[in-house]
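Visitor: here is a sequence with its predicted model. Questions after.
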Amino acid sequence: MAFLTQYRSLRGSDTQSVPEVEYNFARIFHQLGRTLLLCGQPLRNVLELAEKNNDDLFTKEATYNLSLIFVFTGATHLANALYCRWFSI
């Protein structure tokens, strides 16, 4: 966690860095098996920032990974809502 905190402080807080940092935090938590408690919120943050800033830098990756979490936990209706919102043309 100390490494992640240092990483967050070094990357800064500009509009390009924040989604990247949040996405990377989510991926680390996912790899550690902390899917339900820690992984979902950073991915949601990426999607909220994408909507707010009209920037889809990590949107597809965050949507896909968050939908996997929803499917894994049995919330397929939430995964479908994500697909409709972020993967539809």
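Guide: Thanks, I have it. Residues are numbered from 1 along each chain as shown.

Visitor: rest of the way, CA atoms for contacts and neighbours
Guide: Fine.

Visitor: can you list the weak-confidence ranges in this structure?
Guide: 15-16, 34-40 (pLDDT under 70).

Visitor: which parts of it are helices?
Guide: With DSSP state H, the ranges of helices along the chain come out as 2-11, 17-31, 40-53, 59-72, 76-86.

Visitor: can you redo those helices as a markdown table with mean neighbour count?
Guide: Below are the helices of the chain laid out as a markdown table (neighbours: other CA atoms under 10 Å):
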| stretch | mean neighbour count |
| --- | --- |
| helix 2-11 | 11 |
| helix 17-31 | 19 |
| helix 40-53 | 18 |
| helix 59-72 | 19 |
| helix 76-86 | 14 |
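
Visitor: skipping its backbone neighbours, what lies nearest the residue nearest to the spatial centre of the chain in space?
Guide: Nearest residue to the geometric centre of the chain (CA atoms, centre = their mean): Leu43, 1.7 Å. Nearest residue to Leu43, sequence neighbours excluded (CA to CA, 6 or more residues apart in numbering): Ala62, at 5.3 Å.

Visitor: looking at it, the one you found is touching Glu48, isn't it?
Guide: No - contact criterion CA atoms under 8 Å: Ala62 and Glu48 do not qualify, at 10.6 Å.

Visitor: now do stretch 2-21: distance from first to last residue.
Guide: Start-to-end span of stretch 2-21 (CA to CA, to the nearest Å) is 14 Å.

Visitor: what are the contacting residues of it?
Guide: In this structure, residues lying in contact with stretch 2-21 by CA atoms under 8 Å, 6 or more residues apart in numbering are Phe25, Asn45, Val46, Leu49, Ala50, Asn53, Leu57, Phe58.

Visitor: wait, doesn't the first one sit right on Pro42?
Guide: What it means is Phe25. Yes - counting by CA under 8 Å, Phe25 does reach Pro42; the two are 6.7 Å apart.
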